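Participant: Need the 3D shape of this:
(one chain, ligands or ions: 1)
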Amino acid sequence: MHVAEQRPFSVRFGWGAEDLAVLARASDVIVIVDVLRFTTAVAVATARGAHVLPFRWRDASAPRFAVEQGAVLAGLREDPATPWSLSPTDLAGIPAGTRLVLPSPNGAALSAAAIELGTTVVAGCLRNAAAVGALLAAEVAAGHRVAVIAAGERWPDPAGIPHAGPLRPVVEDLLGAGAVIARTVDAGVLTRVPISPEARAAMAAFRAAEPDLHDELRGSVSGRELLALGWDDDVASAARLDVDPVVPTLHDGAFTALQCATGPIR
Ligand SMILES: O=C(O)[C@H](CS(=O)(=O)O)OP(=O)(O)O
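Facilitator: Numbers count the residues shown, from 1 in each chain. Okay, here's the model as predicted:
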């Protein structure tokens, strides 16, 4: 048992793969939040009836994995040959039933890691915060423990390999995680929700930013990266709050929507 498991509290919050590993062994449900853009893409695609298979890296094994899984491999948004990518703007047109392998260095890598931890894994973001919050409130009311993980990004390692170094916290994931926690409280199932100080701080950050989420995301480091590529539409899509009533849950390696959750999922 480690103090970082936040055991006195039913609603917990942490950052990246390190906290995921610690919190997963002490929690019944894990929510992964990567607002720009993986879990936003998952919310948009699963709300339309698609299934999203997280994959760690866009390497030579990705096309083979997609074939094995009977799935389409997502490409890069700038590549006209591939209709689907991490862009939530483009995924708004994905047909129901599509099985999409979606690689990403942060959210997908973390989701792939979570599959191996043997807990229930959900994708959360601003767009589906109310749906995920309702699910978490029901879980807590049933006596379960839940943890919300802000994915963050990774610095390069000392050899310069991208995404292989230490955690780099990012504000959009703090706000997305805070939104999920706020909506858990707002669901009103509990009179006193036992929330850890870490989770309460994330919720406070979200409440402060809630009046102008698009501007907050546009000013963030990740948001400015996307703006520089001309993709304010993706930032705007990610900033929309409570518009997707879905709880994308990992089953058999794919996120699939649980529509309008009303009770615990196990
Ligand atoms: O959404 C994205 O493009 C990012 C890529 S990077 O981390 O900014 O290089 O991936 P994600 O895993 O969704 O953060």
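
Participant: which residues touch the residue nearest in space to the middle of the chain?
Facilitator: Nearest to the geometric centre of the chain sits Val33, at 2.8 Å (CA atoms, centre = their mean). If you count contacts by CB atoms under 8 Å, 6 or more residues apart in numbering, Val33 has them with Thr39, Gly124, Cys125, Val148, Ile149, Ala150, Ala151, Asp173, Gly176, Ala177, Val180. C-beta: built from backbone N, CA, C; applies to glycine.

Participant: What residues are bridge-paired with Trp15?
Facilitator: Beta-bridge partners of Trp15, counted by DSSP bridges, are Ala150.

Participant: Burial check on it, number of neighbours?
Facilitator: Counted by other CB atoms under 10 Å, the residues lying close to Trp15 total 20.

Participant: hmm, back to that, could you save the contacts of Val33 as JSON lines and add columns showing pLDDT?
Facilitator: Below are the contacts of Val33 laid out as JSON lines (pLDDT from 0 to 100):
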{"residue": "Thr39", "pLDDT": "98"}
{"residue": "Gly124", "pLDDT": "98"}
{"residue": "Cys125", "pLDDT": "98"}
{"residue": "Val148", "pLDDT": "98"}
{"residue": "Ile149", "pLDDT": "98"}
{"residue": "Ala150", "pLDDT": "98"}
{"residue": "Ala151", "pLDDT": "98"}
{"residue": "Asp173", "pLDDT": "98"}
{"residue": "Gly176", "pLDDT": "98"}
{"residue": "Ala177", "pLDDT": "98"}
{"residue": "Val180", "pLDDT": "98"}
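
Participant: List buried residues within the residues you listed.
Facilitator: Among these, those classed as buried by 16 or more other CB atoms under 10 Å are Thr39, Gly124, Cys125, Val148, Ile149, Ala150, Ala151, Asp173, Gly176, Ala177, Val180.

Participant: Looking at these, which is nearest the ligand?
Facilitator: The ligand lies nearest to Ala151 out of the buried ones among the contacts of Val33, by CB to the nearest ligand atom, at 6.6 Å.

Participant: where along the stretch 101-250 of the chain do the strands fall?
Facilitator: Shown for the stretch 101-250 of the chain, the strands assigned by DSSP state E, counting those that start in this stretch span residues 120-124, 146-150, 153-154, 167-168, 246-251.

Participant: Quick one: find the helix or strand in this protein with the lowest mean pLDDT.
Facilitator: Lowest mean confidence among the helices and strands of the chain (mean pLDDT, DSSP states H and E): strand 254-259, at a mean of 88.

Participant: Ile30 contacts Thr120, correct?
Facilitator: Yes: if you go by CB atoms under 8 Å, Ile30 and Thr120 touch, sitting 6.9 Å apart.

Participant: more neighbours, these two?
Facilitator: Using other CB under 10 Å, the more surrounded residue of Ile30 and Thr120 is Ile30, with 24 against 21.

Participant: In CSV, list the buried ones among the contacts of Val33 along with distance to the ligand.
Facilitator: Shown next, in CSV, are the buried ones among the contacts of Val33 (distance: CB to the nearest ligand atom, whole Å):
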residue, distance to the ligand
Thr39, 8
Gly124, 13
Cys125, 10
Val148, 17
Ile149, 13
Ala150, 11
Ala151, 7
Asp173, 9
Gly176, 12
Ala177, 14
Val180, 17
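
Participant: What is the nearest of those to Leu86?
Facilitator: Nearest to Leu86 among these: Thr39, at 10.4 Å, using CB to CB.

Participant: what's near enough to touch the closest one?
Facilitator: So Thr39 contacts Ile32, Val33, Gly107, Ala123, Gly124, Cys125, Ala151, Gly176, Pro248 (CB under 8 Å, 6+ apart).
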